[in-house]
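In: structure of the sequence below:
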Amino acid sequence: MGSIISAIGAAINSIISAIANVIETIVSAIVTILLAIWDFILCIICCRCFSGGRGTRTGAGYGSGTTTGRRRGFGRRRAAATY
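Out: Down below sits the predicted model:
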């Protein structure tokens, strides 16, 4: 009689464990997607904020894309000049 109760307990344990694994996988996938979106947003913000300064638009017309000073480097820095 004890072995039957033990087998039923083991079956219930395995079913609960399987359900928990499925829920864990779903939560892990959702968190991974949210973190990827957050990382993408931060990458855009950091590239715009730390791209090497702001240039003021010249009077060449709206949307011409010309700036005084430097071009936007999108976070990349040039190598130092060697003399």
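In: shaky segments in this structure?
Out: In the predicted model of the chain, residues 50-83 satisfy pLDDT under 70.
In: for the protein, just list every one of the helices.
Out: Assigned by DSSP state H, the chain shows helices spanning 2-49.
In: tally of neighbours for residue 17?
Out: Using other C-beta atoms under 10 Å, residue 17 has 10 neighbouring residues. In this view, the C-beta of every residue, glycine as well, is placed from N, C-alpha and C.
In: roughly how far does it sit from residue 24?
Out: Distance of residue 17 to residue 24, given as C-beta to C-beta, to the nearest Å: 10 Å.
In: one more: residue 43?
Out: Taking C-beta to C-beta, one finds residue 43 at 28 Å from residue 24.
In: same question, residue 11
Out: For residue 11, the distance to residue 24 - C-beta to C-beta - is 20 Å.
In: how about residue 46?
Out: Taking C-beta to C-beta, one finds residue 46 at 32 Å from residue 24.
In: for residue 31, same thing?
Out: Residue 31 is 11 Å from residue 24, where distance means C-beta to C-beta.
In: repeat that for residue 45.
Out: 31 Å.
In: next: residue 18.
Out: From residue 18 to residue 24 the distance is 11 Å (C-beta to C-beta).
In: ditto for residue 3
Out: For residue 3, the distance to residue 24 - C-beta to C-beta - is 31 Å.
In: out of these two, which sits in the busier spot?
Out: The residue with more neighbours, out of residue 3 and residue 24, is residue 24; 10 against 7, by other C-beta under 10 Å.
In: mind listing what the more buried one touches?
Out: Contacts for residue 24 (C-beta atoms under 8 Å, 6 or more residues apart in numbering) come out as none.
In: and the one 4 residues further on, by the same measure?
Out: Under the criterion of C-beta under 8 Å, 6+ apart, residue 28 has no contact partners.
In: next: residue 27.
Out: Contact analysis of residue 27 by C-beta under 8 Å, 6+ apart lists nothing.
In: for residue 8, see how far away residue 15 is.
Out: Residue 15 is 11 Å from residue 8, where distance means C-beta to C-beta.
In: what's the answer for residue 20, then?
Out: The value you get for residue 20 to residue 8, if C-beta to C-beta is used, is 19 Å.
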